[in-house]
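Student: Got a sequence here, can you build the structure:
(one chain, ligands or ions: 2)
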Amino acid sequence: MSPASLDRPLTLALSKGRIFDETMPLLEAAGVHVTENPETSRKLILPTSSPDLQLIIVRASDVPTYVQYGAADFGIAGKDVLYEHAAEHPGGLYQPIDLNIARCRLCVAVRQGFDYEAAVRQGSRLRVATKYVQAAREHFARKGVYVDLIKLYGSMELAPLVGLADAIVDLVSTGGTLKANNLVAVENVAEISSRLIVNQAALKTRSAKLQPLIDSFRRASAN
Ligand SMILES: Nc1ncnc2c1ncn2[C@@H]1O[C@H](COP(=O)(O)OP(=O)(O)OP(=O)(O)O)[C@@H](O)[C@H]1O
Ligand SMILES: O=P(O)(O)OC[C@H]1O[C@H](OP(=O)(O)OP(=O)(O)O)[C@H](O)[C@@H]1O
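Tutor: Ligands and ions are numbered 1, 2, ... in the order given. This next block holds a predicted model:
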């Protein structure tokens, strides 16, 4: 890597919405301010008050890809996303800190009135719609339940209502979305929060700029 490229600002990959919002206090604690709002700006590269740090705004599920390939030096992604990414791209990402932000649970949910326990007891083959195929496959394999997984990219809650699936594996926080759609959570798959992820090469070559930020995130997220 040339000295010039070592001089460029660090790039932090974030998704807009809750991860961006919950990361702002962590950046503020490190003395970094972000003036542009990704909800209103069309810009995908956002400067910060620090000449050493810029942000890029990408889809939540794309954050690990940008970091793994070094297009971003570091990023913040949910364990749900990291788990799915790792299945296709093992290794390559250093995950130093659980930031304890964007907390929720990955759950199995069914229509109210659907007897999930009985279906499992009887050894029925279940149709399960989810965006989280790897996590779902492992969960049901551990339980010894036969499933046909249907990959969706969003609005999983709709699937049991229109006969696409018997169950879904989706994220639950307040439970409001399940309730609004007459669904109930019947099983926990995993507790979810977001982690700081760091490109392995950047960790070695750019540690002078990276390490103080990592240390500050660690302190702020421990509060
Ligand atoms: N209701 C929720 N409460 C708390 N955290 C959540 C909730 N929903 C999702 N998360 C966490 O926040 C992360 C980002 O969620 P967000 O809704 O911004 O992206 P997404 O729509 O899931 O992803 P993509 O845009 O790539 O499809 C998720 O990966 C998850 O870890
Ligand atoms: O239990 P709750 O508090 O209702 O949260 C659960 C919902 O949150 C997430 O969706 P999100 O709000 O991110 O919508 P999106 O995936 O369409 O962005 C998730 O996919 C659930 O649908």
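
Student: how about the most centrally placed residue in the chain, what does it touch?
Tutor: Centroid check for the chain by Cα atoms, centre = their mean gives G78 as the closest residue, at 2.3 Å. The neighbourhood of G78, defined by Cβ atoms under 8 Å, 6 or more residues apart in numbering, consists of 19, 60, 102, 192-195. Backbone N, C-alpha and C define where each C-beta goes, glycine included.

Student: ok, and the most crowded of the residues you listed?
Tutor: When neighbours are counted by other Cβ atoms under 10 Å, S194 leads the contacts of G78 with 29 neighbours.

Student: who's in contact with the nearest residue to that one once chain neighbours are set aside?
Tutor: Counting by Cβ to Cβ, 6 or more residues apart in numbering, A102 is the residue found nearest to S194 once chain neighbours are left out, at 4.6 Å. Residues in contact with A102 (Cβ under 8 Å, 6+ apart) are 18-19, 22, 78, 192-194.

Student: Please tell me how far A102 sits from ligand 2.
Tutor: The gap separating A102 from ligand 2 is 9 Å, by Cβ to the nearest ligand atom, to the nearest Å.

Student: ok, now R8?
Tutor: 32 Å.

Student: Show me the helices in this structure, by range?
Tutor: For the chain, the helices defined by DSSP state H occupy 3-7, 18-29, 63-68, 79-88, 116-121, 133-143, 176-180, 200-205, 207-222.
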